[in-house]
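A.B. asks: sharing a model prediction with you, sequence too.
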Amino acid sequence: MGSGQSSDKVYCNRYLNGQGPPSLEQQAKEGLNGIPSLGPGCQPQGQMTWVILHRDLPGFPDDNTVQISYIFPDGIQTEKHPHPGHPYAGLRLCAYLPDNREGRRVLKLLEKAFNQQLLFTVATNKDGEETATSSVPLKTHADGGNRADGYPDSDYLKTVRRLLRDKGIE
């Protein structure tokens, strides 16, 4: 989930209230815990790299896997962030895409969004801590289904393309 919190805890509360988890689109529009991101260009300094893993993802049995690593060190918020001058917690996470035509297309869009500083932001998490977090849902588990931010999820690539298009990334 990008904020160091357990997806089980987040979804458990929603199920207890008689609701299921929000859609990927809803998560992106609402921001972290209902707090919208500040908008374009507010991504902290970080690094994005990717490698090909010789294993498939559930739902993509004939394809290898693209593993994307994002690293954001702890830092001090700038004027682009919610509380300039205050510290924020960094982030280390891996995300996964199928290594096929559509997955590579999404990878290029994610790289473009990252390079334009549109993919991550600094936001307050549910514990009141400022942290680097993704402004677009990422598949941070190779399996477990969409409830666990994993695969299989047949709509994920299409949804991410649409969310990135809404940010001007095409």
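C.D. replies: Thanks, I have the structure now. Because the structure is predicted, anything quoted here is derived from the model rather than measured. Numbers count the residues shown, from 1 in each chain.
A.B. asks: the longest helix in this protein is where?
C.D. replies: Looking across the chain with DSSP state H, the single longest helix is helix 101-115.
A.B. asks: what sits against residue 92?
C.D. replies: Counting by C-beta atoms under 8 Å, 6 or more residues apart in numbering, residue 92 touches 69, 70, 71, 72. (Each C-beta comes from the backbone N, C-alpha and C, glycine too.)
A.B. asks: mind putting the residues you listed in TSV, secondary structure and distance to residue 90 included?
C.D. replies: Shown next, in TSV, are the contacts of residue 92 (DSSP: H, G, I helix; E, B strand; the rest coil; distance: C-beta to C-beta, whole Å):
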residue	secondary structure	distance to residue 90
69	strand	13
70	strand	10
71	strand	8
72	strand	5
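A.B. asks: quick one on the thing from earlier: packing partners for the longest helix of the chain?
C.D. replies: Helix 101-115 sits against strand 47-53, strand 64-72, strand 91-99, helix 156-166, with contacts defined as 3 or more C-beta pairs under 8 Å, 6 or more residues apart in numbering; DSSP states H and E.
A.B. asks: mean confidence score for it?
C.D. replies: Average pLDDT, helix 101-115: 97.
A.B. asks: distance from the chain centre to it, please.
C.D. replies: 13 Å (C-alpha atoms, centre = their mean, to the nearest Å).
A.B. asks: swap in stretch 51-58?
C.D. replies: With C-alpha atoms, centre = their mean, you get 19 Å for stretch 51-58.
A.B. asks: what does it contact?
C.D. replies: So stretch 51-58 is in contact with 62-67, 69, 96, 98-99, 142-143, 145, 150-152, going by C-beta under 8 Å, 6+ apart.
A.B. asks: ok, so of these, who is nearest residue 120?
C.D. replies: Using C-beta to C-beta, residue 69 is the member of those that lies nearest residue 120, at 13.0 Å.
A.B. asks: tell me the phi and psi of the nearest residue to residue 43 once chain neighbours are set aside?
C.D. replies: Nearest non-adjacent residue to residue 43, counting by C-beta to C-beta, 6 or more residues apart in numbering: residue 117, 3.7 Å away. Torsion angles at residue 117 (phi, psi; degrees, to the nearest 10) stand at phi 60, psi 40.
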